[in-house]
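# Generate a structure from the sequence data that follows.
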Amino acid sequence: MSLACPIVPPPLAGAEPHRFLIRALSTRDAAACAVFTAHLDRADIRLRFGTSHCATAYFLPGRDGTGERVTLAAIDSAETILGILTLSHVSTNTGEIALIVRSDQQRRGIGRALLAHACAVARGDGLRELFGYVLAENTPMLRLARRAGFAFSRWDEFLVEARVTLSQHASRDAG
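Alright, predicted model coming up:
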């Protein structure tokens, strides 16, 4: 399966259409990842990582402690990274996802497109289920996940686990 596809998501209410490409990041994208990180508000970093610190190296591809990881990015025509989604294979059937969109690019369909693309990649890799952990206060991410068909369970007082079975998700990828 190709990891690059041009995306023109339908505009959200009040947002202009935004054109970008979704592709896997490589180590050659380190400088662009540093620029991306510099454009993240502390509040968005905290909502994604649970801390106010973010290391550029986290976004680069490779192996993490659980297995293979692919990092997908929405990139505009100027090669600016607009959003990043990591997909880690935690077992032969299950993947963990994590998503962050540049603070000045939110509410433009970038996260939605990255999530749909990640689901397609995961299915192509033979995964049957995806999950991610979301801070309970991160209502925009919870809203996006709910619209994408994820079900929620409370992990603890701070975290919500969002989970989707990919066979159920297939019809929702188009948006």
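# Mind listing the strands the host helix or strand of residue 163 pairs with, and their directions?
Residue 163 belongs to strand 159-165 when assigned by DSSP states H and E. The strands beside strand 159-165 in its sheet (DSSP bridges) come out as strand 129-135 (antiparallel), strand 151-154 (antiparallel).
# got the CA positions of it in PDB?
Taking Å, rounded to 0.1, in the frame of the first residue of the first chain, the C-alpha atoms of strand 159-165 are listed here in PDB:
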ATOM      1  CA  LEU A 159      -7.300   9.300  30.400                       C
ATOM      2  CA  VAL A 160      -9.900   8.000  28.100                       C
ATOM      3  CA  GLU A 161      -9.100   5.000  25.900                       C
ATOM      4  CA  ALA A 162     -10.500   5.300  22.400                       C
ATOM      5  CA  ARG A 163     -10.800   2.100  20.400                       C
ATOM      6  CA  VAL A 164     -12.100   1.100  17.000                       C
ATOM      7  CA  THR A 165     -12.400  -2.200  15.200                       C
END
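# For the longest helix seen in the chain, what is the distance to the chain centroid?
Longest helix of the chain, by residue count under DSSP state H: helix 110-124. Helix 110-124 sits 8 Å away from the centroid of its parent chain (Cα atoms, centre = their mean, to the nearest Å).
# In stretch 99-117, which residues are buried?
Across stretch 99-117, burial judged by 16 or more other Cβ atoms under 10 Å covers 99-102, 105-106, 108-117. Glycine gets a C-beta too; all of them are placed from N, C-alpha and C.
# ok, back up a step: does anything pack onto the longest helix of the chain? Which helices or strands?
Counting by 3 or more Cβ pairs under 8 Å, 6 or more residues apart in numbering; DSSP states H and E, the packing neighbours recorded for helix 110-124 are strand 5-7, strand 20-24, strand 67-75, strand 81-89, strand 94-101, strand 129-135, helix 139-147, helix 166-169.
# Among the buried residues of stretch 99-117, which pair sits farthest apart?
Pairwise distances across the buried residues of stretch 99-117 peak at 18.4 Å for 102 and 116 (criterion: Cβ to Cβ).
# Run a quick neighbour tally on the nearest residue to residue 94 once chain neighbours are set aside.
Leaving out its chain neighbours, the residue that sits closest to residue 94 by Cβ to Cβ, 6 or more residues apart in numbering is residue 129, at 4.9 Å. For residue 129, the neighbour count with other Cβ atoms under 10 Å is 18.
# got the contact list for residue 129?
Residues counted as contacts of residue 129 (Cβ atoms under 8 Å, 6 or more residues apart in numbering) are 93-95, 163-166.
# Buried residues in the helix or strand hosting residue 35, which are they?
Using DSSP H and E, residue 35 falls within helix 30-38. Neighbour-count burial for helix 30-38 flags 32-33, 36-37 (criterion: 16+ other Cβ under 10 Å).
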